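Visitor: mind looking at a prediction? Sequence and model below.
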Amino acid sequence: MEDPEILAKFHEPASRNLAFNQLVRKYQQKVYWHVRKMVVDHADADDLTQDVFVKVWKNLENFRQDAQLFTWIYRIATNECLSFLQSKRRKFFLPLNDVGAELAAKLEADPALAGDEIELKLQRAILRLPDKQRLVFNLRYYDEMPYEQMAEVTGTSVGALKASYHHAARKIEEYVTKADNPGWSASETD
Amino acid sequence: MQTPFRLAEHSRRGSQPLSSPPPGYFEQLPTRIMTQVAAPAHQPGLAGRWWAPAYLRTGLASTLLLGTFAASLWLGGARVPAPASLDAVPQAQLVEYLTSGETRVDMLDLAELPTQRLGLPTHYMQPSAAELTDALDAQPAEEAGLL
């Protein structure tokens, strides 16, 4: 079902549930993986994905259609991730690196990365980025999102996004290069 | 010599670099989400609205309990029976009581009674001539000198 049809059916009380069900089925995987890459843990990603769609349900009536539906959903998901990570840091009164260490520990335990040293180093490097920069990197590198759409999702200019991605890529390459050094330790910081 | 790592040369793992969610996750997720959003299918009626948030129910229950307690204290205090009033006792009975047997009181004692403090009705201390005569006639002979 195309987005205009989903929206039209959603506005009709009789077909609202059906339309929303279609919307969830259409976008659930994209939303889940977008969130999962930020929070790493499946259980956290599950909670946040549900929160995202509940918010979509509550606000879809007021969606002005001045942006694509998926861009709007992605924006909600992005805000939920950033709020989650921010509250995690505030809640435990931990400096940035400790929450990063917690996420890194979950990464180490992920079976998909077991045995793939380079991929594990890459993921560790991505985790070390600030949350917003990590978000930009994920959207560009993994989702191949155009900068113009990314600008709508993040509310940041295209130029700033390009610069952010460029710096993120450089940081990651430096980290993985150093990590390949036999004398290097995973606990080293910049 | 370190081989520089280049992102462009690294084979990307698609858009899902981490492990997959549990089997059947995406089949069940829409149902779980619909359960959350479609639950309040209708506005509750007046009776339904009574099941307000927990904090409101607790507050109402506490207020009701305290109010009942306060009301029972107030009403319990108001039910103390009023002391029997001497006004209800006939004068003749009073005089008989005071001048008979062990409770005998002579006229001098009666004359000195502080009526205000004892709450004696004024008409008791201001008997009529007939009442006085009757009272005096009832006195023993040795007190005849008071006449």
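Guide: Happy to help now that I have it. Numbers count the residues shown, from 1 in each chain, chains lettered A, B, ... in the order given.
Visitor: which residues sit against the helix or strand of chain A with the lowest mean pLDDT?
Guide: Ranked by mean pLDDT, DSSP states H and E, the weakest helix or strand in chain A is helix A:96-108, scoring a mean of 77. With Cβ atoms under 8 Å, 6 or more residues apart in numbering or on different chains as the test, helix A:96-108 has contacts from A:39-41, A:85, A:88-89, A:92, A:113, A:120, A:123-124, A:127-128, A:130, A:189, B:18. (Glycine included, C-beta is placed from N, CA and C.)
Visitor: out of these, which comes closest to A:Q50?
Guide: Using Cβ to Cβ, A:V39 is the member of the contacts of helix A:96-108 that sits closest to A:Q50, with 13.1 Å.
Visitor: near chain A, which residues of chain B?
Guide: Residues of chain B lying near chain A by Cβ under 8 Å from any Cβ of the partner chain: B:2-7, B:10, B:12-22, B:25-26, B:29-30, B:32-34, B:36-38.
Visitor: ok so, going back, and the contacts of helix A:96-108, which is closest to B:P127?
Guide: Nearest to B:P127 among the contacts of helix A:96-108: A:F92, at 93.4 Å, using Cβ to Cβ.
Visitor: report pLDDT for the closest one.
Guide: Per-residue confidence (pLDDT) for A:F92: 62.
Visitor: extract the C-alpha trace of stretch B:11-26 and format it as CSV.
Guide: This file holds the C-alpha atoms of stretch B:11-26, laid out as CSV (Å, rounded to 0.1, in the frame of the first residue of the first chain):
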residue,chain,number,x,y,z
SER,B,11,33.0,-4.5,2.3
ARG,B,12,30.0,-3.3,4.0
ARG,B,13,27.6,-5.7,5.8
GLY,B,14,24.5,-4.3,4.2
SER,B,15,22.4,-2.1,6.5
GLN,B,16,22.3,-4.8,9.3
PRO,B,17,25.8,-5.2,10.8
LEU,B,18,24.5,-6.7,14.0
SER,B,19,22.8,-10.0,14.8
SER,B,20,19.3,-10.6,13.7
PRO,B,21,16.4,-10.3,16.1
PRO,B,22,14.7,-13.6,17.4
PRO,B,23,12.9,-15.7,14.8
GLY,B,24,9.3,-14.4,14.1
TYR,B,25,10.0,-11.0,15.6
PHE,B,26,8.8,-9.0,12.7
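Visitor: residues of it that come out buried?
Guide: B:17-18, B:21, B:25 (16 or more other Cβ atoms under 10 Å in any protein chain shown).
Visitor: just the buried ones from the contacts of helix A:96-108?
Guide: Buried subset of the contacts of helix A:96-108 (neighbour count, 16+ other Cβ under 10 Å): A:39-41, A:85, A:88, A:113, A:120, A:123-124, A:127-128, B:18.
Visitor: in JSON lines: those, plus secondary structure and pLDDT.
Guide: Formatted as JSON lines, the buried ones among the contacts of helix A:96-108 follow (DSSP: H, G, I helix; E, B strand; the rest coil; pLDDT from 0 to 100):
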{"residue": "A:V39", "secondary structure": "helix", "pLDDT": "93"}
{"residue": "A:V40", "secondary structure": "coil", "pLDDT": "92"}
{"residue": "A:D41", "secondary structure": "coil", "pLDDT": "93"}
{"residue": "A:L85", "secondary structure": "helix", "pLDDT": "90"}
{"residue": "A:K88", "secondary structure": "helix", "pLDDT": "80"}
{"residue": "A:L113", "secondary structure": "helix", "pLDDT": "84"}
{"residue": "A:L120", "secondary structure": "helix", "pLDDT": "88"}
{"residue": "A:Q123", "secondary structure": "helix", "pLDDT": "91"}
{"residue": "A:R124", "secondary structure": "helix", "pLDDT": "91"}
{"residue": "A:L127", "secondary structure": "helix", "pLDDT": "91"}
{"residue": "A:R128", "secondary structure": "coil", "pLDDT": "91"}
{"residue": "B:L18", "secondary structure": "coil", "pLDDT": "89"}
